[in-house]
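In: Predicted model and sequence below, questions to follow.
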Amino acid sequence: MLKKIASTKKILLTTFVVSLFVAVSYSQQPVYKHYTAENGLPHDITYQIIQDKQGHIWIGTDDGLTKFNGSEFTNYTYENGLHSNFVIDIFEENSNKYLLATWGAGIHQLKNDSIKLIPQENNKVTKVRNVYKLNDSIIFGDFSNSLYLYNTKRNWKKTAIIIEDSILKKPKISFKKASRQSKSYSFSETFLNNKLFLFASGNRNTPKTIKPLKGIFVFDGYSLKKNKYSKLNSREVHSITISSNYLFAASHNHVFVFNEKKSLVSQKKIPIKNEIIIQLKVINQKLYFVSKNYKDGTQKIYMYDWDNNLLTNLSQKLAINSLISDFLFDSGKNLWITTYGQGVYFLPRTTNTFFGKEVFINPDLKDITNTNNNLIVLATNMIYEFTNNHITSKKVVPTHAEALQINKRKRKITIISSLFNPNQKHLGTNNISYKHSKCFNFNIDSTLIELKGNLFSSTKKGINTKTVINKIHDSYIRTASLYNNSIIALYGKGGIINITPPFKNEITSWNRINKKFTNGVFSDLFIQKDTAWVASNMGLFKVTPKKTIRFTTKQGLLSNHINDIHIDSHGVLWVATQKGLNVFKNNLFLSIEKELGQQSTFVTKITEQNNHIYVTGNRGLFKLNNIKPFSSQCNTKLLVKQNKSSFYLNTINYINPKSITLAYQLNNNPWIKTSSNNLDFKNTKQGKYNIKFRFKDNLSNWKYSKPYQFKITYPWHQQTWFYVTITVLLLGAIVLLLIYVLQKSIKKNKKLNKNIEEKEKLQKALKEVRKNVARDFHDELGNKLASISITSNLLTDINYKNDKETQEKKLKQIKKDADYLYHGMKDFVWALDHKNDDLQQLQVYLNDFGESLFENSTIRFYSNHNLSNQKIELPFYWSKQLVLIFKEAMTNSLKHSNATKVFLTFNIQKNILKIMLEDNGKSFNINKLKRINGIQNMKFRAESLNQKIHIHTKNGVKIIFTGILNNLKNE
């Protein structure tokens with residue numbers, strides 16, 4: 001359309017009316033998707049629709065705002081910050097930043113999924129119909145023919161209206177409230193190429209005092225400027241659009257086209273009655289528009305073929321009864337339609353069509369072939385002649401008809417069936433016949449060859465040879481073709497046979513496939529130069545002179561069970577399978593599924609006619625435009641959001657989102673497929689990583705993302721140095737613990753050894769004590785007891801009974817020995833008591849003894865010490881020996897010294913103990929004494945303590961004991 005307009009040299013000055021045929025075909029189903037609340041849409045009442053720079057679709061609804069990526073709806077409502085869930089309009093400021101117009105709560109801003117209300121003075125405007133961002137100002141309108149401006153940088157707010165200049169009599173912008181005498185204008189607006197265009201409102205129910213704006217104006221936020229276009233200056237313009245630098249303007253039901261110089265290049269009257277075009281767009285040489293009926297208020301969407309003057313009512317075609325609120329062509333030129341009550345419609349950019357049960361009485365179609373300009377379509381019990389998208393003839397055929405074979409030259413259609421219907425002899429201009437099997441004829445080097453069932457015949461020079469192919473148990477021959485001067489024939493379960501020249505009995509099994517796949521069922525054969533393509537229930541085989549390749553679902557086939565194959569005029573291979581339609585191109589299997597209009601769940605046959613591919617299946621006939629070779633086309637866009645080592649993969653695909661496959665590659669490792677959109681590699685081994693993503697859908701090969709980098713660093717408590725440090729510390733602690741335990745063990749052993757030694761010493765000491773006690777008891781007490789015993793016996797002797805003098809003497813001796821025994825036992829028992837090992841107790845005991853001994857004598861006894869409050873424990877057995885030493889000394893002083901004074905002194909300095917007994921009696925020479933037992937005993941007792949005693953006999957007697965206390969304890 002635009003090319004023809006561009007080539008037009010003359011401006012059309014006259015308006016012409018062409019009688020148009022409204023192209024509404026009820027026989028073919030348009031390819032579309034319908035989204036409602038059941039599919040995740042927040043509400044079926046929808047308003048403005050936009051596509052953002054990333055590719056997401058945004059839709060305002062009666063229950064919030066929604067963002068759509070083809071797979072899921074992300075909804076924004078009160079919970080996300082909206083003050084009203086009635087979202088009327090959306091405007092994208094920049095990436096991830098949007099303005100929202102709401103009914104009841106004014107303007108909101110959505111930024112990075114966070115919504116906030118834009119404040120207004122006294123909540124002046126709450127019911128907003130649209131919103132724009134022009135320069136630094138947010139501009140929005142309500143339903144009172146006013147525009148409200150909020151400058152975000154200067155922070156000023158204004159209200160703009162259009163009034164008539166009282167002098168120039170033309171529209172102008174006023175930022176003041178209109179007076180009663182002022183004449184104002186009603187208007188609508190649209191935002192194109194960063195400009196805000198104003199024109200007439202499509203609302204005819206305005207007061208008479210408000211005029212409709214005529215012509216097209218541009219508002220820059222400060223003033224109003226009229227764009228002068230011929231034919232429009234005095235007209236009400238209700239919608240405009242710009243396409244390829246051409247401006248399209250609609251006035252009522254007329255459309256005008258202007259070039260960049262504002263010259264009119266074309267105009268047409270659209271055949272709609274009582275309707276005003278309120279929105280229009282141009283795409284793919286066609287005009288799409290929404291019209292409003294000014295009588296009943298309905299709003300419909302149409303498609304108009306400008307070149308062919310064909311009008312299509314899309315609302316009627318899609319069975320949309322609700323009002324159309326908005327429509328959009330996305331970046332892929334797919335059409336989106338929003339409605340007031342029926343949700344959203346999506347029409348992909350395709351001319352594919354599908355003919356189902358609304359066309360075919362029985363849409364379970366088995367076979368299709370073409371004859372001249374017609375298609376012959378076979379169902380299980382019907383045969384149809386199909387021409388120009390319509391059935392031109394149909395006949396009932398026997399149930400379970402299997403296949404068709406046609407002779408175009410003879411206009412003969414053969415129906416392969418086990419049952420015949422002789423009454424049906426014609427279909428259109430074609431004759432109908434019935435056979436049990438297909439028949440194939442070849443003329444090779446003047447040899448006529450016929451294959452019919454399992455019968456092979458050849459005729460050359462009038463000689464006919466017939467051969468029954470015994471190896472074939474299935475007489476239903478599927479197809480036969482020439483391949484490298486041989487005939488290759490498919491017999492279903494019977495396998496594939498090879499018939500070679502001179503075409504007599506040279507019939508063999510074609511081992512290129514049969515040898516390996518003996519149980520295969522073969523359905524079709526297609527020869528392409530030196531390559532044979534064979535369809536089977538085990539996949540697709542590609543046979544070349546050098547090798548045989550087998551393709552299965554692992555390579556992308558929808559099913560291994562293949563019903564038919566077809567190579568089109570472009571050399572592209574089409575594959576009909578039990579699970580849908582495949583296209584094989586550039587060693588890649590693509591899938592054409594429901595999203596592109598192929599509705600059948602399994603496909604039976606493929607043919608080509610007039611640059612179209614026709615495909616039969618269990619739900620009808622699929623038609624695809626094949627003027628250009630079929631090519632792969634990726635409908636998927638991948639958005640990667642990285643947060644350190646985590647990635648969110650957002651795929652956008654509106655055609656076939658369910659077929660998306662994602663994979664990632666870490667460094668140069670093998671690719672890993674993933675079904676998750678959230679990937680977190682925090683548990684990956686520490687190090688630096690490069691990661692790439694790839695994606696594909698059923699209509700494309702792999703596409704690759706840019707590489708991303710991330711680094712995994714373990715927390716300090718998971719670092720190697722930490723483990724090494726902990727290990728070293730643990731080993732050190734273990735070593736120290738072992739050393740400590742070892743030292744403790746050694747110390748304990750030493751202590752045990754010491755205890756053993758001490759115990760041995762103690763035992764030795766105890767033995768010595770027992771020995772000493774026994775010895776002392778025997779020496780000092782035992783002798784006395786023996787003496788008493790002997791003396792007592794003497795008293796009973798008859799010789800002494802009458803000798804009183806002797807008896808008295810013996811009794812005195814007994815008394816003396818008894819006294820000695822009493823005091824000796826007393827000292828002995830006292831010394832054995834552990835508490836008397838205290839030095840003070842010893843001092844008190846000897847002091848008491850001295851005082852008692854010298855009490856009735858002429859000798860005065862004196863005692864002193866420096867012990868104060870010290871508690872000094874004497875070694876075991878010291879107290880006894882010291883008692884005996886100094887009792888002996890005091891007794892000797894009493895008996896032999898002739899002294900008048902005796903002094904007992906205790907002195908201790910540090911750990912040296914001195915005990916001294918001194919008298920002022922007569923001196924003597926020890927060496928001249930006849931008896932020295934007492935002195936010898938004292939020295940012996942001191943030596944038994946490993947200590948020393950000194951005896952001085954000049955100027956009286958002085959006995960000094962000096963002992964060293966190694967275990968001195970002070971408390």
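Out: Thanks, I have the structure now.
In: what's the neighbour count on residue 110?
Out: 24 (other Cβ atoms under 10 Å). Just so you know, the C-beta spots here come from the backbone N, C-alpha and C atoms, and that holds for glycine as well.
In: Specify the beta-bridge partners of it.
Out: On DSSP bridges, the residues paired with residue 110 through beta bridges are residue 98, residue 115.
In: tell me what the longest helix that the chain contains is packed against?
Out: For the chain, the helix reaching the highest residue count under DSSP state H is reported as helix 720-776. For helix 720-776, the elements it packs on are helix 804-832, judged by 3 or more Cβ pairs under 8 Å, 6 or more residues apart in numbering; DSSP states H and E.
In: picking up where we left off before, from the middle of its chain, how far away would the longest helix of the chain be?
Out: The offset between the C-alpha centroid of helix 720-776 and the centroid of the whole chain comes to 61 Å, using Cα atoms, centre = their mean, to the nearest Å.
In: Then stretch 626-644?
Out: Mean C-alpha position of stretch 626-644 versus that of the full chain (Cα atoms, centre = their mean) differs by 23 Å.
In: Can you dump the C-alpha atoms of it in CSV for me?
Out: These are the backbone C-alpha positions of stretch 626-644, laid out as CSV (Å, rounded to 0.1, in the frame of the first residue of the first chain):
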residue,chain,number,x,y,z
ASN,A,626,4.5,-21.1,1.1
ILE,A,627,5.4,-18.3,-1.3
LYS,A,628,8.8,-18.0,0.4
PRO,A,629,10.7,-20.9,1.8
PHE,A,630,9.8,-21.8,5.3
SER,A,631,12.6,-20.6,7.7
SER,A,632,13.3,-20.8,11.3
GLN,A,633,12.2,-17.8,13.4
CYS,A,634,13.0,-17.3,17.0
ASN,A,635,9.9,-15.9,18.8
THR,A,636,11.7,-15.9,22.2
LYS,A,637,13.6,-13.1,23.9
LEU,A,638,15.7,-13.8,27.0
LEU,A,639,16.2,-11.2,29.7
VAL,A,640,18.8,-12.0,32.2
LYS,A,641,18.9,-10.3,35.6
GLN,A,642,22.0,-10.9,37.6
ASN,A,643,22.5,-10.5,41.3
LYS,A,644,26.0,-11.6,42.2
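In: in that stretch, what's buried?
Out: When neighbours are counted by 16 or more other Cβ atoms under 10 Å, the buried residues of stretch 626-644 are found to be 626, 630, 634, 635, 636, 637, 638, 640.
In: One more: stretch 540-552?
Out: Neighbour-count burial for stretch 540-552 flags 540, 541, 542, 543, 550, 551 (criterion: 16+ other Cβ under 10 Å).
In: and the two most separated of the residues you listed?
Out: Maximum pairwise distance among the buried residues of stretch 540-552 (Cβ to Cβ): 11.9 Å, between 543 and 551.
In: Would you format the buried residues of stretch 626-644 as CSV with secondary structure, pLDDT and distance to residue 657 included?
Out: Listed next are the buried residues of stretch 626-644 as CSV, based on DSSP: H, G, I helix; E, B strand; the rest coil; pLDDT from 0 to 100; distance: Cβ to Cβ, whole Å:
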residue, secondary structure, pLDDT, distance to residue 657
626, coil, 95, 25
630, coil, 94, 21
634, coil, 92, 12
635, coil, 94, 8
636, coil, 96, 8
637, strand, 96, 11
638, strand, 97, 12
640, strand, 97, 17
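In: which residues touch residue 531?
Out: Taking Cβ atoms under 8 Å, 6 or more residues apart in numbering as the contact definition, residue 531 lies against 542, 543, 544.
In: and the first one, what element?
Out: So the one you mean is residue 542. Secondary structure assignment for residue 542, by DSSP states H and E: strand 539-543.
In: hang on, the earlier thing: dump the contacts of residue 531 into CSV; add distance to residue 736 and pLDDT as well.
Out: Supplementary listing: the contacts of residue 531 in CSV, determined by distance: Cβ to Cβ, whole Å; pLDDT from 0 to 100:
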residue, distance to residue 736, pLDDT
542, 76, 93
543, 80, 89
544, 78, 88
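In: sorry, back to before: dump the buried residues of stretch 626-644 into JSON lines; add distance to residue 187 as well.
Out: Formatted as JSON lines, these follow (distance: Cβ to Cβ, whole Å):
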{"residue": "626", "distance to residue 187": "48"}
{"residue": "630", "distance to residue 187": "48"}
{"residue": "634", "distance to residue 187": "43"}
{"residue": "635", "distance to residue 187": "39"}
{"residue": "636", "distance to residue 187": "42"}
{"residue": "637", "distance to residue 187": "37"}
{"residue": "638", "distance to residue 187": "43"}
{"residue": "640", "distance to residue 187": "44"}
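In: from those residues, which is closest to residue 962?
Out: Proximity of these to residue 962, judged by Cβ to Cβ, is greatest for residue 640, which lies at 101.1 Å.
In: Just list whatever residues bridge to the closest one.
Out: As assigned using DSSP bridges, the partners bridged with residue 640 are residue 649.
In: gap between stretch 208-218 and the chain center?
Out: Averaged C-alpha coordinates place stretch 208-218 at 56 Å from its chain's average position (Cα atoms, centre = their mean).
In: wait, I meant stretch 107-126
Out: In terms of Cα atoms, centre = their mean, the centre of stretch 107-126 is set 34 Å apart from its chain centre.
In: Enumerate the positions of it that are buried.
Out: Within stretch 107-126, the residues that qualify as buried are 107, 108, 109, 110, 115, 117, 125, counting by 16+ other Cβ under 10 Å.
In: Flag the shaky bits of the stretch 701-850 of the chain, pLDDT-wise.
Out: Scanning the stretch 701-850 of the chain for pLDDT under 70 picks out the ranges 762, 765-766, 768-787, 789-791, 793-802, 817, 820-829, 831-834.
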